[in-house]
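>>> mind folding the following:
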Amino acid sequence: MRHQNILGGLILAVLTTQAAVAYDLPSVNLGFTSFLDGTPPSGPGWYAQQYVQLYRSAKLKDADGDNALIPTPTGPRNAEVDANIGITQLLYQSSQPLLFNGKWGLNLMLPYASLDLAPDNGPIRASSANLGDLLVGPLLQWDPIMGPNGPRFVQRVELQMILPTGDYNADKAINPGSNVFSFNPYWAATFFATPKWTVSWRLHYLWNAENNDPFRLLGADDSQAGQAVHLNLASAYEVIPKRLRLGLNGYYLKEFTDKRLDGRRINDSKEQVLGLGPGMVLHLSKHDHLFFNAYWETSAENRPEGSRFNLRYVHHFH
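Numbering: from 1, shown residues only. Below you'll find the predicted structure:
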């Protein structure tokens, strides 16, 4: 189950006093998935999920990890971004093997957000639109590998595609939509170290097409974000049987090729960020689950660095 984050890769152009820099990786899953990620929590069938995330006090960072400056009528100033983010997800997991004994499924996700930039009295402004890019992901889910005391390992692959259907305005520096097609496949797995202790991860690769209508003040006809990898990692321990798990969660993103403007590589433009914090999952019933995760970001380069508080409700129709 893939989860999109509007400010996990917000579409932002910052005109610093030194250069024009685009923070233009699309919205990707940074920390929305965590515990027990290797399989849907209630088996095959239809799932509806709702996510709410608060992203706060995100300072814009440059290539050296220092605060970036944006122009205002009173001179260059440090800036912060806040966002209120929601995602609605519909997922179907079949019980029919399709390929390599993996059972097929389909994931659909629609994000929306309200974005705020301070200061907002210069050329760098946030869009007032709310609709993000639609995600479509066919997937294969494998049955758990069993041990003497229960499952030991379970995994899934999904070929996610981010479609440029969201709101985008080239006159705005911050948009909920990316205006590009992106391919963002992943491998997710959960390892049961013991029946109560689990380790889960989700490893993504990200490729982005060209944006033929980039932010106007960049003065370019087209732009293209670099390729990237991003990883979610979480470990939890069952403290109340079949009811409550507590643990630690984190994510890491690294862009490993340079961005391009009009086909030319932009040096020192690669993005990275690390987020770490605590989390929990409360099993309300066999078919209802509530996840909470908190993250504090560090080591950000060429992107915002702030704190995230994420709430996710999962319902399985049975």
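>>> just the C-alpha atoms of stretch 168-175, please, in CSV.
C-alpha atoms of stretch 168-175 as CSV (Å, rounded to 0.1, in the frame of the first residue of the first chain):
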residue,chain,number,x,y,z
TYR,A,168,-0.4,22.9,-11.1
ASN,A,169,0.3,26.6,-11.9
ALA,A,170,3.7,27.6,-13.4
ASP,A,171,3.4,31.0,-11.8
LYS,A,172,3.4,29.5,-8.4
ALA,A,173,6.6,28.1,-6.7
ILE,A,174,4.7,25.5,-4.5
ASN,A,175,2.0,23.3,-6.1
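>>> what comes up buried for that stretch?
168-170, 172-175 (16 or more other CB atoms under 10 Å). For glycine as for every other residue, the C-beta is placed from the backbone atoms N, C-alpha and C.
>>> turn these into CSV, including distance to Gly105.
CSV is the format used below for the buried residues of stretch 168-175 (distance: CB to CB, whole Å):
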residue, distance to Gly105
Tyr168, 29
Asn169, 34
Ala170, 36
Lys172, 36
Ala173, 37
Ile174, 33
Asn175, 30
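>>> can you redo those residues as CSV with distance to Arg245, pLDDT and secondary structure?
Shown next, in CSV, are those (distance: CB to CB, whole Å; pLDDT from 0 to 100; DSSP: H, G, I helix; E, B strand; the rest coil):
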residue, distance to Arg245, pLDDT, secondary structure
Tyr168, 39, 92, coil
Asn169, 42, 90, coil
Ala170, 44, 88, coil
Lys172, 41, 85, coil
Ala173, 40, 81, coil
Ile174, 35, 83, strand
Asn175, 36, 88, strand
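>>> if we ignore the residues flanking it in sequence, what's nearest Phe309?
Leu54 (4.7 Å; CB to CB, 6 or more residues apart in numbering).
>>> other SSEs contacting the host helix or strand of the one you found?
Secondary structure from DSSP states H and E places Leu54 in strand 45-60. When contacts are defined as 3 or more CB pairs under 8 Å, 6 or more residues apart in numbering; DSSP states H and E, strand 45-60 packs onto strand 80-99, strand 304-317.
>>> relative to strand 304-317, how tilted is it?
170 degrees (axes from the mean of the first three to the mean of the last three CA atoms, to 10 degrees).
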